[in-house]
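Engineer: Have a look at this prediction, sequence included:
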Amino acid sequence: MADLFSPDWMASFQNVWNAEAGLSDELEKINFTSTIAYGFTGDDAPTGVLVVENGKAVSAGAYEGQELNWDLRASQGDWEKWMKKPPGMMGLGMAYTSGKLKFLVGDYGAMVKDPRMAGPFIKSFAAMGKA
């Protein structure tokens with residue numbers, strides 16, 4: 001397995017994202033377009049970036065200073081735990097309120113209040129586990 005959020009891992013994640021039921025197809029319905037970064041707590045910059053246009057991941061790779069809509073950070077151990085057992089809404093809320101999952105860019109509150117985004121966000125953790 002490639003290192004978490006490395007360019008190779010992100011390319012695999014892009015493929016899984018587009019194939020995952022309830023993820024890209026649901027986001028396509030709401031024309032979800034975002035640049036999403038993933039990384040580790042305490043790092044100056046995120047590690048990997050996924051560019052999504054109308055729900056579909058169109059590119060993935062290393063973070064190179066792109067303007068971000070979302071920047072999600074957690075410890076390596078927490079990412080790996082969530083990939084093995086994706087959190088539900090309650091687990092996600094606990095991770096956010098306890099500071100284990102940080103949104104350095106993006107509005108967590110607005111996202112979880114919109115079921116059209118919250119459901120696919122939870123599905124993205126399952127997709128990560130398959131990358």
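Structural biologist: All right, it came through fine.

Engineer: all contacts plus neighbour counts: C-alpha atoms, from now on.
Structural biologist: Will do.

Engineer: Convert the C-alpha atoms of the helix or strand harbouring Met111 to CSV, please.
Structural biologist: Met111 belongs to helix 108-113 when assigned by DSSP states H and E. Extracted in CSV, the C-alpha atoms of helix 108-113 (Å, rounded to 0.1, in the frame of the first residue of the first chain):
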residue,chain,number,x,y,z
TYR,A,108,-18.0,21.5,9.1
GLY,A,109,-21.2,22.8,10.6
ALA,A,110,-22.8,23.7,7.3
MET,A,111,-21.7,20.4,5.8
VAL,A,112,-23.2,18.1,8.5
LYS,A,113,-26.5,20.1,8.5
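
Engineer: any idea how far the residue nearest the centre of the chain is from Gly65?
Structural biologist: Geometric centre of the chain, nearest residue: Ser124, 5.8 Å, by Cα atoms, centre = their mean. Using Cα to Cα, to the nearest Å, Ser124 is found at 23 Å from Gly65.

Engineer: Now do the same contact list for the closest residue to Lys102 other than its chain neighbours.
Structural biologist: Distances taken as Cα to Cα, 6 or more residues apart in numbering place Arg73 nearest to Lys102, at 5.0 Å, with adjacent residues excluded. By Cα atoms under 8 Å, 6 or more residues apart in numbering, the contact list for Arg73 reads Tyr38, Gly39, Phe40, Thr41, Pro46, Leu101, Lys102, Phe103, Leu104.
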